[in-house]
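Asker: Got a predicted structure here, sequence first:
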Amino acid sequence: MEPRLYADLAPWWPLLSRPEDYAEEAAVFRHALDATSSRPIETLLELGCGGGNNASHLRRHYRLTLVDRSPGMLAVSRRLNPGCEHALGDMRTVRLGRTFDAVFVQDAIAYMTTEADLRAAVTTAAAHLRPGGVLLLVPDHTRETWEPTTDHGGHDGEGRSLRYLEWSYDPDPSDTWFTTMFVYLLREGDGPVVCVPDEHRMGLFPRATWIEAVEAAGLSPTALPFRHSTFAPDAGAELFLGVRP
């Protein structure tokens with residue numbers, strides 16, 4: 001089942017996660033891309049762009065094409081990034097018929113819950129890279145470093161407010177996914193607070209699986225520590241990169 005955050009609750013996304021909070025992360029991603037590429041990056045494809053928070057920073061440096069499978073999240077991103085191209089598509093199967101200097105997939109890659117799905121997404125990314133192009137994958141976790149967590153947050157907007165509680169746990173450590181459960185508290189104007197639960201199933205793979213998926217797509221893999229980021233989830237977090245020969 002599709003999480004409600006990417007369906008009927010998509011318009012609430014800016015109150016859960018603000019674009020300005022992504023500036024530090026976006027700078028880390030841009031540095032990794034530029035340092036890995038053998039020539040200046042002009043065009044970038046983001047798969048699983050969500051509400052466009054990263055794009056709101058990266059668009060200052062690259063010409064962006066943004067893809068997501070949620071029409072509601074694309075609508076949010078279009079309002080935030082009106083000068084960027086947007087396309088509806090699933091990162092496992094979408095084909096745009098052209099290539100880019102770089103392809104970027106941040107935490108949306110976490111919704112690949114099987115190794116087959118992960119490889120399909122990386123194959124899609126590779127299919128959109130020009131020779132010498134760079135892929136950047138940013139999973140929240142690997143199996144080696146993942147731990148159960150809780151978090152909370154939320155913001156006030158014009159005429160509406162959101163607060164959330166987030167709890168990540170692994171019902172079965174022998175498989176390739178864990179559960180992140182959100183509870184949203186939503187308030188419109190002076191109305192009552194509405195409590196909405198929302199379950200997200202997230203992929204969890206060993207570090208070696210990420211590298212193997214990049215290699216299987218015909219790219220030369222490397223990994224970098226994910227440092228100096230407010231949102232880096234743990235001390236062992238890594239960025240996985242691949243370069244098309």
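Answerer: Sure, I can see it.
Asker: Now the phi/psi pair for residue 43, please.
Answerer: phi -110, psi 140 (degrees, to the nearest 10).
Asker: ok, it to residue 37 distance?
Answerer: Residue 43 sits 11 Å away from residue 37, going by CB to CB, to the nearest Å. Quick note: C-beta positions are derived from backbone N, CA and C, even for glycine.
Asker: which residues do those two both contact?
Answerer: 101-102 (CB atoms under 8 Å, 6 or more residues apart in numbering).
Asker: roughly how far apart are the residue lying closest to residue 22 once chain neighbours are set aside and residue 107?
Answerer: Residue nearest to residue 22 in three dimensions, not counting chain neighbours: residue 53, with 4.4 Å by CB to CB, 6 or more residues apart in numbering. Separation of residue 53 from residue 107 (CB to CB): 11 Å.
Asker: What of residue 20?
Answerer: With distances taken as CB to CB, residue 20 is found 18 Å from residue 107.
Asker: One more: residue 161?
Answerer: Distance, residue 161 to residue 107, using CB to CB: 24 Å.
Asker: And residue 10, by the same measure?
Answerer: 16 Å.
Asker: With residue 172 instead?
Answerer: From residue 172 over to residue 107 the distance is 22 Å, taken as CB to CB.
Asker: Tell me which of those two has more neighbours.
Answerer: Taking neighbours as other CB atoms under 10 Å, residue 172 and residue 107 compare with residue 107 leading, 17 against 9.
Asker: Torsion angles phi and psi at that one?
Answerer: Dihedral pair for residue 107: phi -70, psi -10, per degrees, to the nearest 10.
Asker: Okay, now the unreliable bits of the protein?
Answerer: Within the chain, the ranges that satisfy pLDDT under 70 run 227-236.
Asker: which residues of it fall in strands?
Answerer: Assigned by DSSP state E, the strands in the chain fall at 43-47, 63-68, 85-88, 100-105, 129-137, 149-153, 160-169, 177-188, 193-203, 220-225, 238-243.
Asker: What helices and strands are in contact with the longest one?
Answerer: Using 3 or more CB pairs under 8 Å, 6 or more residues apart in numbering; DSSP states H and E as the contact test, the elements touching strand 177-188 are strand 160-169, strand 193-203.
Asker: Deepest-packed of those, please.
Answerer: Highest mean neighbour count among the helices and strands packed on strand 177-188 (mean count of other CB atoms under 10 Å): strand 160-169, with a mean of 17.
Asker: So residue 30 versus residue 22, what's the distance?
Answerer: With distances taken as CB to CB, residue 30 is found 12 Å from residue 22.
Asker: what touches both of those two?
Answerer: Shared contacts of residue 30 and residue 22 (CB under 8 Å, 6+ apart): residue 57.
Asker: Now the phi/psi pair for the residue lying farthest from the centre of the chain, please.
Answerer: Seen from the C-alpha centroid of the chain, the residue lying at the greatest distance (CA atoms, centre = their mean) is residue 190, 33.4 Å away. Main-chain torsions, residue 190, degrees, to the nearest 10: phi -100, psi 10.
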